[in-house]
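Build the 3D model from these lines:
(2 chains)
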Amino acid sequence: MEGRPQNERELALRAQRGDARAYEELVRPHQEIAFRVAYVITRNAADAEDATQDGLVKAWRALGRFRAGEPMRPWLLQIVANEARNRRRSAGRREHLALRVLASSASSGEAAPSPEEATLDVDERARLLGALEQLSREAREVLACRYLLQLSEEETAAALDVARGTVKSRSARALERLRETYEPRD
Amino acid sequence: MNLETELRALRVDWPETPRFELALAPRRRRRRWALAVAIAVAAVAAALAVPESRGAILRFFHLGGVTIQVVDTLPHADERPLTAGLGPVISTKSAERVIHALLLPPIDPPPPLHYTPGNIVSLVFEHRGRPVLLSELPGGGGMYLKKLASGGSHVDRAAVAGADQALWISGSRHLIFFAGQSPRLAGNVLLWEANGVTYRLEGPNLSKVEAISLAESLRRG
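Next up is the predicted model:
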């Protein structure tokens, strides 16, 4: 089992001096979330993989512009998400996959379901995700970042390349739209 | 429970996060790359000085025996299988006379080797249930040409262990021209140069990480 990662600021300073190992250690905790953000944008695992790979290498090259002491995650997500958008633009006819609900958390090796999750019926969860999938791309991405990936407003703003205020207003509109389709008014 | 709580409680079946091999280029390699870019810029300037190429060829790259042109409009080409036009099967010894640093996939028995016009050794093998075409060319000759549509295709630098330089070409369709053959539409391609040989891997839906890992698994024949 790996020990607790070193202080992010210290790793960033070492990486900025050209220490590739420090950089790898610095970005390792963020690779999964970066890949998932890329997947939300490209909706294709191969494109998400390439976007993350290229984003991580571009971030290394741009590390001189990173302010050590600032959080690494939003900065990295911004670069990877930008790569993902470039991939999406050129992907054209590539296969796009919808998000699916995890059938069983026990088989996935993930932690036990939360009490909230335990109260949600599997079909109901699939219906909710299906309703989210029907939203516009803009609405779907902001909700996926804020709620499915549980990014902060700052991280979502960085990933979607918009202002924090836009994240707030876009989330509110997207939730309203989702409520209309998932919870039809009687 | 409100909608926001329900969304937070959703467990999504995310694709498995790949293991990213960063292969970060040390600073001196970056300088070498910058030099290559400077040479390419000079070459583009020279190309634009020729009146008939203006407007058609937007930019081009060279990697060993390969020329890549970015053009505004792709000419017509057919979609043909990877195995089309590979040429006659030859022995490993004959292939080694053409390519002194012949690379083969770690498969026993090795796949048939073909002698493709233009002094190219080609082989098709299966990777994760999908066909992959490996072509090996003596470096420096301008053996084949690839055309990309501007805007739709990406040419990215790649890092392959042991390679002098490598490029990853992906995105929308692009064309490949082998000597003496009509062009065909090609999929994602990894190109790299090592030991004076240019290697090319092509496969449908091949990702960059997958292609690099596959390239690094190849062994001398």
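
the helices in chain B, which residues?
B:3-9, B:27-48, B:92-98, B:208-217 (DSSP state H).

which of these has the lowest average pLDDT?
Among these, helix B:27-48 has the lowest mean pLDDT, at a mean of 41.

remind me which residues of chain A are low pLDDT?
Scanning chain A for pLDDT under 70 picks out A:1-6, A:91-97, A:103-120, A:183-186.

domains for it, by residue range?
A:1-95, A:98-186 (automatic domain parsing).

so B:H127 bridges to which residues?
Beta-bridge partners recorded for B:H127 (DSSP bridges): B:R130.

Model confidence for B:A194, exactly?
86.

Could you give the number of residues near it?
19 (other CB atoms under 10 Å in any protein chain shown). Just so you know, the C-beta spots here come from the backbone N, C-alpha and C atoms, and that holds for glycine as well.

go on, the one 10 residues further on?
Counted with other CB under 10 Å, residues neighbouring B:P204 total 11.

Provide the contact partners of whatever helix or strand A:V167 lives in at residue level.
Per DSSP states H and E: A:V167 is located in helix A:164-182. For helix A:164-182, contacts defined as CB atoms under 8 Å, 6 or more residues apart in numbering or on different chains pick out A:127-128, A:131-132, A:134-136, A:138-140, A:142-143, A:146, A:153-154, A:156-157, A:160, A:162, B:3-4.

One more pass at 6 Å, please.
A:128, A:131, A:135, A:139, A:142-143, A:146, A:153, A:156-157, B:3 (CB atoms under 6 Å, 6 or more residues apart in numbering or on different chains).

what sits against the spatially most central residue of chain A?
Centrality entry for chain A: nearest residue to the mean C-alpha point is A:V37, 2.6 Å, by CA atoms, centre = their mean. Contact partners of A:V37, counting by CB under 6 Å, 6+ apart, are A:77, A:81, A:159.

Repeat the analysis, applying 10 Å as the threshold.
A:30, A:48, A:51-52, A:55, A:76-78, A:80-81, A:84, A:141, A:144-145, A:149, A:151, A:155-156, A:158-160 (CB atoms under 10 Å, 6 or more residues apart in numbering or on different chains).

what secondary structure does it sit in?
Applying DSSP: H, G, I helix; E, B strand; the rest coil to A:V37 yields a three-state assignment of helix.

May I have the distance across stretch B:104-111, first residue to last?
8 Å (CA to CA, to the nearest Å).

cool, stretch B:114-129 as well?
Where stretch B:114-129 begins and where it ends lie 21 Å apart, using CA to CA.

What residues sit buried inside that stretch?
Within stretch B:114-129, the residues that count as buried by 16 or more other CB atoms under 10 Å in any protein chain shown are B:114-116, B:118, B:120-125, B:127.

which ones among these are found in strands?
B:114-116, B:120-125, B:127 (DSSP state E).

Of those residues, which pair is most distant in space?
Distances among those were taken as CB to CB; the most separated pair is B:Y115 and B:H127, at 22.5 Å.

how much space is there between B:A95 and chain A?
31 Å (CB to the nearest CB, to the nearest Å).

Surely that residue touches B:V197?
No: between B:A95 and B:V197 there is no contact under CB atoms under 10 Å: 11.7 Å.

can you list residues touching both of the two?
Shared contacts of B:A95 and B:V197, counting by CB under 10 Å, 6+ apart, come down to B:102, B:121, B:136.

quick one: which of those is nearest to chain A?
Of all the shared contacts of B:A95 and B:V197, chain A sits closest to B:E136, with 24.3 Å by CB to the nearest CB.

The closest one: how many residues sit nearby?
25.

OK, contacts around it?
Here B:E136 is in contact with B:65, B:95, B:98-99, B:101-104, B:113, B:116, B:119-123, B:197-200, B:218, B:221 (CB under 10 Å, 6+ apart).

Helix or strand for A:A84, just tell me which one.
helix A:72-91.

hey, what's B:S135 bridged with?
Applying DSSP bridges, one finds that B:S135 bridges with B:S122, B:R200.

and the gap between it and B:A211?
13 Å (CB to CB, to the nearest Å).

And for A:H30?
In terms of CB to CB, A:H30 sits 24 Å off from B:A211.

And B:R19, by the same measure?
Distance from B:R19 to B:A211, by CB to CB: 15 Å.

And those two? Which one has more around it.
B:A211 (26 against 8).

Contacting chain B as well, which ones from the contacts of A:V37?
The subset of the contacts of A:V37 lying close to chain B, counting by CB under 10 Å from any CB of the partner chain, consists of A:48, A:51-52, A:55, A:144, A:149.

With respect to chain B, which of the residues you listed is nearest?
A:T52 (6.5 Å).

That closest one contacts A:V40, correct?
No: A:T52 is beyond contact range of A:V40, at 12.0 Å (criterion: CB under 10 Å).

Now list whatever residues contact both of those two.
With CB under 10 Å, 6+ apart as the test, A:T52 and A:V40 both reach A:81, A:84.

Where in chain B is the helix or strand with the lowest mean pLDDT?
helix B:27-48 (a mean of 41; mean pLDDT, DSSP states H and E).

Any regions of chain B where pLDDT drops low?
In chain B, residues with pLDDT under 70: B:1, B:23-62, B:65, B:69-80, B:139-152, B:172-185.

cutoff 80 now
B:1, B:21-85, B:116-119, B:138-155, B:171-187, B:204-205, B:221 (pLDDT under 80).
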